[in-house]
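In: using only what follows, build the 3D model:
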Amino acid sequence: MAFSTALNNICFVLLIACGLYYTAKEGINVRLSRTSILSIVIVALLLIDIVVFAETPKDYKVGLRYLILLCTPIILMGGGKRFFKRFLMAYLLAYAVVFLFVIVGIVSNYWQYGEFNFYKFGGNTQSFLIFERLYFGFMSMIAAVFVYMLCKTNLKMKYVLLAAIFIVNFILASRLSFLFLTVFLVYNIYVDLKSKISFKHIFILLMALSVLTVIGLKNEGFKKRFFLNSSSIDNYMLQLKIHEPRYAIWRCAFQIAGKEWGKSHFIGLDTERELQEKLVDCYGKTIYIKDKRAWFVKARYNTHNQFLHTYLMHGIIGIVLVLILILVYAYSYRGILPSMWLLFLIIVFSLVENVLMRQVGVFLLATCFAVLGKKIKND
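Out: Presented below is the predicted three-dimensional model:
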């Protein structure tokens, strides 16, 4: 893990260096977009809040991750369309390497067990996934949007790549990425067939959906991850409460948010350690299943929601600044579909994961914001 962390940091520094090099080499008149400037200001304010109250190495590590986000506008502020295209292709190449590891792991796992049994927490995926299933899903969602950006005129290539990404996430039962990619695929199919719908296309689409439905019914991992074995809606909700960790995590996080009135309500708690201790204390008091309580206390789960975490750590002021940034991005890129899809997946992922607590999350988020913040003016 230490080597992986160092490698990620080295690659990120090299990426920034490449951006600066191409900016200087091609003599492009660079001007940061207003959204990039606003994001730099807001991230800087949140970083100052962390640094002022930091007490432990963990607080400073979080501060360093914010610092990485401050550097993202530099990556693509220069270099022209060619460098931008190379950046997208480089990301897809890196994703392809991870993708191949996952394919090998899926095949070997099926050969060993005779079924797709990727339903346990971590479980059988940890042996071949470079990082958690959720983050592979995040990487896959970004890859799908980049494929959409690069293959607008080559529909066959676009759908081959999107189908491959979709099928692997479907087999892994990666819930969020499966839902996002389903919506994304349906949208692309609708747009591309809108002007030339034929019976042949409809037949192929229905056959593909039928095949996926049959596979889904045979995929035990998929059924268990989505709780499709439930006998009723009440049973489904009960299974969700018992087996979905976020139910207990968010309940505790909201309890803490409700109690922290006064100074913490406006500027947040002082340190990450303080929030972590409050969460662990809540897990011990509110989770009544003994094994599950011990699991949560030992794992010391964070909030698993970036917006909720931002509110708890930075108060109303911090969450309002973040929401303003999102609204400005949404307004600035209205009608620009690739940017809107990227912004949408950032929001959706941040609702179920504390992205800034993981290094891989920070780098993937930085990749998205680098693309969103790109603005070059040629003389």
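In: just for the stretch 1-150 of the chain, where's the confidence low?
Out: 1-9, 11, 20, 22-32, 54-58, 77-79, 113-128, 130 (pLDDT under 70).
In: could you list every helix and strand in contact with the strand or helix carrying Phe136?
Out: Phe136 belongs to helix 133-150 when assigned by DSSP states H and E. When contacts are defined as 3 or more C-beta pairs under 8 Å, 6 or more residues apart in numbering; DSSP states H and E, helix 133-150 sits against helix 80-113, helix 155-171, helix 175-193, helix 337-352, helix 359-372. (Glycine included, C-beta is placed from N, CA and C.)
In: would a markdown table of those helices with distance to Leu15 be doable?
Out: Converted to a markdown table, the helices and strands packed on helix 133-150 look like this (distance: least, C-beta to C-beta, whole Å):
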| stretch | distance to Leu15 |
| --- | --- |
| helix 80-113 | 8 |
| helix 155-171 | 23 |
| helix 175-193 | 24 |
| helix 337-352 | 18 |
| helix 359-372 | 9 |
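In: figure out which of those is closest to Leu240.
Out: Checking these against Leu240 by C-beta to C-beta gives helix 175-193 as the closest, at 11.5 Å.
In: tell me what angle the closest one forms with helix 155-171.
Out: Between the axes of helix 175-193 and helix 155-171, defined by axes from the mean of the first three to the mean of the last three C-alpha atoms, to 10 degrees, the angle is 160 degrees.
In: avg pLDDT for helix 175-193?
Out: Averaging pLDDT along helix 175-193 yields 87.
In: got the buried residues for it?
Out: Arg175, Leu176, Ser177, Phe178, Phe180, Leu181, Phe184, Leu185, Asn188, Ile189 (16 or more other C-beta atoms under 10 Å).
In: got a list of contacts for it?
Out: 134, 136-138, 140-141, 144-145, 148, 155, 158-159, 162-163, 165-166, 169-170, 201, 205, 225-226, 341, 345, 348-349, 352 (C-beta atoms under 8 Å, 6 or more residues apart in numbering).
In: follow-up on the earlier one: what's the closest of the buried residues of helix 175-193 to Gly361?
Out: Nearest member of these to Gly361, counting by C-beta to C-beta, is Leu176, at 13.1 Å.
In: before we move on, back to that, out of the buried residues of helix 175-193, who's nearest Ser232?
Out: Among the buried residues of helix 175-193, and counting by C-beta to C-beta, the member closest to Ser232 is Arg175, at 20.7 Å.
In: for Ile324, see how far away that closest one is.
Out: 30 Å (C-beta to C-beta, to the nearest Å).
In: which of the contacts of helix 175-193 are buried?
Out: Buried among the contacts of helix 175-193 by 16+ other C-beta under 10 Å: 134, 136-138, 140-141, 144-145, 148, 158-159, 162, 165-166, 169-170, 225-226, 341, 345, 348-349, 352.
In: how about the residue nearest the centre of the chain, what does it touch?
Out: The chain has Phe138 as the residue nearest its centroid, 3.9 Å off, counting by C-alpha atoms, centre = their mean. Contact partners of Phe138, counting by C-beta under 8 Å, 6+ apart, are Leu176, Ser177, Leu345, Phe349, Glu353, Gly361, Leu364.
In: wait, is Phe227 part of a helix?
Out: No. Counting by DSSP: H, G, I helix; E, B strand; the rest coil, Phe227 falls outside a helix, being coil.
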